[in-house]
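Enquirer: Okay, predicted coordinates and the sequence, questions at the end:
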Amino acid sequence: MTRTARTPEVTHMPDKPFIRLTALAAAVALDIVLFRPAGDPASDAAELFVFAPGDFAAAIAVQERHNQDLLGIPGVAGTAVAIGPDGRPVVKVLLVHGGVPGLPATLDGHALLTEVTGEFHALGDIDRTATAAGGRPVAAGDETDPRRSFPRPVPIGVSTGQVDVTAGTIAARVVSGDDVFALSNNHVYANRNAAKPGDHVLQPGTVDGGVNPDDAIGALHDFEPIRFCSPFPTCPENRIDAAIAATTTDQLGNSTPANGYGTPRSNTAAARLGMQVQKYGRTTGHTTGRISGINATINVGFRDGTARFAGQIVVADGGFSGPGDSGSLIVSGGSGPMARRPVGLLFAGSRTSTLANPIDPVLRRFDVTIDGG
């Protein structure tokens, strides 16, 4: 069943050239935006606020200047640039719980918002005692259940994992010349840096009945190492949680099951505040939501440590993803030529929000493109 996040509508003016502020801000589309505030987002009479690229520049500069101090406060999960009540970009501090002491009222005269999200955790390599979300078994008669074993070539968006990992999700089929790969997270295909190139990746993952080598669809080819905090709070910044496995078009298709969004496009899209997005994943299937934060720096918990990720995308609504959805490809929503464009690689979440790597740095790291429509 498709779930929809309820967040304010954002309407974009015609595209304008990107404005390069910093290497990090350059990855964000900084065109002029019209923002329809909450309250009655569908009403034509609702007031529209207009903000310019300079507003983004100011919010990002303030966030980056204060990130270290904010993240050093116990109870702070991370920061992001979001939309404030007046429709302008502001710094938002994401909290593990309410009542966190020591937070400033403003930052250099700029407004600061807080939101209680809870802790963020990687959403792959799920607990072996949980066979699925809520413990429900794979439905015997449901040929589209993303946790089941699929005939080869398997679709994207379904259960997968390295042989020592319980389960995550296949993001997409990606290519580099004649070489074909399956894309997912490091913690799904490289077992948090512990796997070796050549290790089999399975469909479905072991928690869903995958058996090595019978269910292998490929072998680990490359991954970006995750740098963990040691000792906390000394944390190097990560940008992506990603890995690729060598496979073939006989083993892996490039579309979701029939109850998903279909085939992603090859051309990517930059994340924008308020952008409607969708994904198909191993646990929650096809869900939709809107981007609520950009340029996020978040502390993410893994089974054996914490890692800090910077430059990330936040999608609001706790129903957008669940444990086992790590590796899902987030694509643009809507319809027409701008729909289904890859936006991010899902890898973590909290009880209210989902976290994703921007897709372009992931594709550049492995010199691959999405093999899509």
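Expert: That came through fine. Residues are numbered from 1 along each chain as shown.

Enquirer: What mean pLDDT does the longest strand anywhere in the chain get?
Expert: Determined from DSSP state E, the single longest strand within the chain is strand 285-302. The average pLDDT for strand 285-302 rounds to 97.

Enquirer: Off-centre distance for it?
Expert: Its chain's C-alpha centre and that of strand 285-302 lie 5 Å apart, by CA atoms, centre = their mean, to the nearest Å.

Enquirer: If you count neighbours, what's buried in it?
Expert: Buried residues in strand 285-302, counted by 16 or more other CB atoms under 10 Å: 285-300, 302. Bear in mind the C-beta positions are built from the backbone N, C-alpha and C, glycine included.

Enquirer: elements contacting it?
Expert: helix 53-71, strand 76-83, strand 89-95, strand 120-122, strand 276-281, strand 305-316, strand 342-349, strand 353-358 (3 or more CB pairs under 8 Å, 6 or more residues apart in numbering; DSSP states H and E).

Enquirer: State the paired neighbours of the fourth one in the sheet, together with their directions.
Expert: Same thing as strand 120-122. Sheet partners assigned to strand 120-122 using DSSP bridges are listed as strand 285-302 (parallel), strand 342-349 (antiparallel).

Enquirer: quick one, which of the helices and strands packed on strand 285-302 is nearest to Ser176?
Expert: Judged by CB to CB, the one of the helices and strands packed on strand 285-302 that comes nearest to Ser176 is strand 342-349, at 15.7 Å.

Enquirer: tilt between that closest one and strand 305-316?
Expert: Strand 342-349 runs at 130 degrees relative to strand 305-316, counting by axes from the mean of the first three to the mean of the last three CA atoms, to 10 degrees.

Enquirer: Give me the mean pLDDT for stretch 109-124.
Expert: Per-region confidence: stretch 109-124 scores 95 on mean pLDDT.

Enquirer: How far does that stretch stretch from one end to the other?
Expert: Using CA to CA, to the nearest Å, the span of stretch 109-124 from its first residue to its last is 40 Å.

Enquirer: Can you give me the buried ones in it?
Expert: 110-112, 115-124.

Enquirer: Just give me how far that stretch sits from the chain centre.
Expert: With CA atoms, centre = their mean as the basis, stretch 109-124 stands 15 Å off its chain's centre.

Enquirer: One more: stretch 158-165?
Expert: Stretch 158-165 sits 18 Å away from the centroid of its parent chain (CA atoms, centre = their mean).

Enquirer: For that stretch, list the C-alpha coordinates in PDB.
Expert: Only the C-alpha atoms of stretch 158-165 are listed here, as PDB (Å, rounded to 0.1, in the frame of the first residue of the first chain):
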ATOM      1  CA  VAL A 158      13.600  -6.100  -3.400                       C
ATOM      2  CA  SER A 159      15.300  -8.000  -0.600                       C
ATOM      3  CA  THR A 160      19.100  -8.500  -1.000                       C
ATOM      4  CA  GLY A 161      22.300  -8.700   1.100                       C
ATOM      5  CA  GLN A 162      25.800  -9.900   1.300                       C
ATOM      6  CA  VAL A 163      26.000 -13.500   2.700                       C
ATOM      7  CA  ASP A 164      26.600 -12.300   6.200                       C
ATOM      8  CA  VAL A 165      24.000  -9.600   6.100                       C
END
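
Enquirer: I'd like the strands paired with strand 120-122 as a markdown table, with distance to Glu64 appended.
Expert: Rendered in a markdown table, the data for those read as follows (distance: least, CB to CB, whole Å):
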| stretch | distance to Glu64 |
| --- | --- |
| strand 285-302 | 8 |
| strand 342-349 | 20 |
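
Enquirer: Next, Ser230: secondary structure please.
Expert: What DSSP: H, G, I helix; E, B strand; the rest coil gives for Ser230 is coil.

Enquirer: contacting residues for the closest residue to Ala105 other than its chain neighbours?
Expert: Leaving aside its chain neighbours, Ala105 sits nearest to Leu112 (7.0 Å; criterion: CB to CB, 6 or more residues apart in numbering). Residues near Leu112 by CB atoms under 8 Å, 6 or more residues apart in numbering: 90-93, 103-106.

Enquirer: what are the ranges of the helices in this structure?
Expert: For the chain, applying DSSP state H gives helices covering 53-71, 186-189, 359-366.

Enquirer: How far does the shortest one sit from its chain's centre?
Expert: Going by CA atoms, centre = their mean, the spacing between the C-alpha centre of helix 186-189 and its chain's C-alpha centre is 14 Å.

Enquirer: now for it, which elements pack on it?
Expert: For helix 186-189, the elements it packs on are strand 159-162, strand 168-169, strand 216-223, strand 243-247, judged by 3+ CB pairs under 8 Å, 6+ apart.

Enquirer: Swap in 10 Å and give it another go.
Expert: Helix 186-189 is packed against strand 120-122, strand 159-162, strand 168-169, strand 179-184, strand 216-223, strand 243-247, strand 285-302, strand 342-349, with contacts defined by 3 or more CB pairs under 10 Å, 6 or more residues apart in numbering; DSSP states H and E.

Enquirer: what's the answer for the longest one, then?
Expert: The elements that helix 53-71 packs onto, with contact taken as 3+ CB pairs under 10 Å, 6+ apart, are strand 33-35, strand 76-83, strand 89-95, strand 106-107, strand 110-116, strand 285-302, strand 305-316.

Enquirer: coming back round to it: pipe the helices and strands packed on strand 285-302 into TSV and attach distance to Thr166 per row.
Expert: Output for those, formatted as TSV (distance: least, CB to CB, whole Å):
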stretch	distance to Thr166
helix 53-71	30
strand 76-83	24
strand 89-95	27
strand 120-122	12
strand 276-281	14
strand 305-316	18
strand 342-349	15
strand 353-358	19
